[in-house]
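> After the sequence you'll find the predicted model.
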Amino acid sequence: MTPPADTAPAILAEGLTKRYASDAPPAVDGLSFAMPRGATWGLLGGNGAGKTTTIAMLLGLLVPSGGRVACLGQDMAKDRFAALARMNFSSPYIALPSRLSVAENLRVYAHLYDVPHAERRIAELAAQLQLTELLDRPAGNLSAGQKTRVALAKSLINRPELLLLDEPTASLDPDTGDWVRSWLERYRAESGCAILLASHNMGEVERLCDHVLMLKQGRVVDQGSPAALLERYGRDDMEQVFLDIARGRQREAEAVA
Ligand SMILES: Nc1ncnc2c1ncn2[C@@H]1O[C@H](COP(=O)(O)OP(=O)(O)OP(=O)(O)O)[C@@H](O)[C@H]1O
């Protein structure tokens with residue numbers, strides 16, 4: 001049964017499964033977790049582990065083959081639009097309309113989310129994300145790093161309570177990547193927004209996440225806080241933990257624990 005909306009977890013997934021074809025192994029295989037409000041969780045795993053598929057199901061963009069998911073207390077199979085108004089996402093795989101200017105793009109999304117005082121909100125986000133100079137440029141002419149910052153502005157336009165970020169710093173140079181991470185830390189502290197972050201950047205995960213789900217072939221093969229995982233695997237950084245898990249060494253860690 002779904003708990004009352006105001007106390008429900010940010011995300012509640014129960015046996016979430018996706019099979020793209022009946023003769024293919026599941027891309028996501030019985031995923032269950034409850035991510036609390038205000039938490040920042042990392043979704044980790046090698047290429048093809050099922051991260052993007054999971055995020056697409058959380059957003060209701062893909063229909064699960066099995067199981068269920070509720071975001072902010074709303075069942076995504078039944079009350080998807082009530083939840084979507086209070087959440088948002090950013091993904092490098094989704095291109096913004098390229099001929100529209102940055103400002104026009106943000107206006108479209110502000111309209112879709114029915115954002116009050118849209119022009120003020122766009123100016124505020126543009127100032128915060130250093131986009132003011134880019135507002136009149138066509139979105140298609142921006143560099144990958146600039147597009148990433150526009151996508152981040154788009155994802156925050158409705159002041160989401162739940163933010164799904166698929167590789168938010170993938171195309172950023174180290175300096176800009178660091179700046180975005182600091183910005184996300186500040187934003188989270190000020191807004192109390194819950195964040196689920198899929199990332200291949202282990203430094204980012206260690207810095208931002210209070211809990212990590214390690215996926216392999218669509219299943220959670222290990223989870224815990226970065227500190228707990230570092231201790232369990234006897235490692236100094238999450239990169240090494242990731243390699244241990246990807247290469248199937250978690251059984252040794254379990255035996256030691
Ligand atoms: N539209 C699709 N049709 C068929 N199979 C798909 C489709 N999208 C993804 N898959 C398959 O599902 C599995 C999980 O893919 P997914 O994109 O979710 O992984 P990922 O963890 O996000 O990977 P990456 O780190 O490479 O982005 C892969 O085996 C992939 O080939």
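In hand now; what should we look at? Numbers count the residues shown, from 1 in each chain.

> What segments of the chain are strands?
Using DSSP state E, the strands of the chain run over 11-18, 28-35, 40-44, 66-71, 74-75, 87-90, 162-166, 194-198, 211-216, 219-224.

> Quick check: buried residues in the last one?
Just to be clear, that refers to strand 219-224. Judged by neighbour count using 16 or more other C-beta atoms under 10 Å, the buried positions of strand 219-224 are 220-223. From N, CA and C alone the C-beta is placed, and that goes for glycine too.

> That strand versus strand 211-216: what angle between them?
150 degrees (axes from the mean of the first three to the mean of the last three C-alpha atoms, to 10 degrees).

> got the angle between strand 219-224 and strand 40-44?
Put simply, strand 219-224 runs at 140 degrees to strand 40-44, going by the same axes, to 10 degrees.

> got the contact list for strand 219-224?
29-33, 211-215, 229, 232, 245, 250, 253 (C-beta atoms under 8 Å, 6 or more residues apart in numbering).

> could I get the buried residues of strand 219-224 as TSV with distance to Leu125 and pLDDT?
Formatted as TSV, the buried residues of strand 219-224 follow (distance: C-beta to C-beta, whole Å; pLDDT from 0 to 100):
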residue	distance to Leu125	pLDDT
Val220	34	95
Val221	37	92
Asp222	36	93
Gln223	33	95
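
> Farthest-apart pair in the residues you listed, please.
Val221 and Gln223 (8.5 Å; C-beta to C-beta).

> export stretch 226-235 as CSV, just CAs?
Output of stretch 226-235 as CSV, limited to C-alpha atoms (Å, rounded to 0.1, in the frame of the first residue of the first chain):
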residue,chain,number,x,y,z
PRO,A,226,30.6,5.5,0.3
ALA,A,227,32.3,5.3,3.7
ALA,A,228,30.8,1.9,4.5
LEU,A,229,31.7,0.6,1.1
LEU,A,230,35.3,1.9,1.4
GLU,A,231,35.6,0.1,4.7
ARG,A,232,34.0,-3.1,3.5
TYR,A,233,36.3,-3.4,0.5
GLY,A,234,39.3,-2.1,2.4
ARG,A,235,39.9,0.5,-0.3
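
> now that stretch: mean pLDDT?
Stretch 226-235 carries an average pLDDT of 92.

> in that stretch, what counts as buried?
Of all the residues in stretch 226-235, those buried under the rule 16+ other C-beta under 10 Å are 226, 229-230, 232-233, 235.

> got it, and stretch 11-20?
Here stretch 11-20 shows 11-13, 16-19 as buried, counting by 16+ other C-beta under 10 Å.

> re earlier: so which of the contacts of strand 219-224 would count as near the ligand as well?
Counting by C-beta under 6 Å from any ligand atom, the subset of the contacts of strand 219-224 that neighbours the ligand is empty.

> Can you flag the buried ones in those?
By 16+ other C-beta under 10 Å, the contacts of strand 219-224 give 29, 31, 33, 211-215, 229, 232, 245, 250, 253 as buried.

> farthest pair in these?
Every pair of the buried ones among the contacts of strand 219-224 checked by C-beta to C-beta; the farthest is Asp29 and Arg232, at 23.0 Å.

> State the pLDDT value of Arg249.
Residue-level pLDDT assigned to Arg249 equals 68.

> Would you agree Gly50 is in contact with Met214?
No: judged on C-beta atoms under 8 Å, Gly50 makes no contact with Met214 at a distance of 11.3 Å.

> Cool, thanks, talk later.
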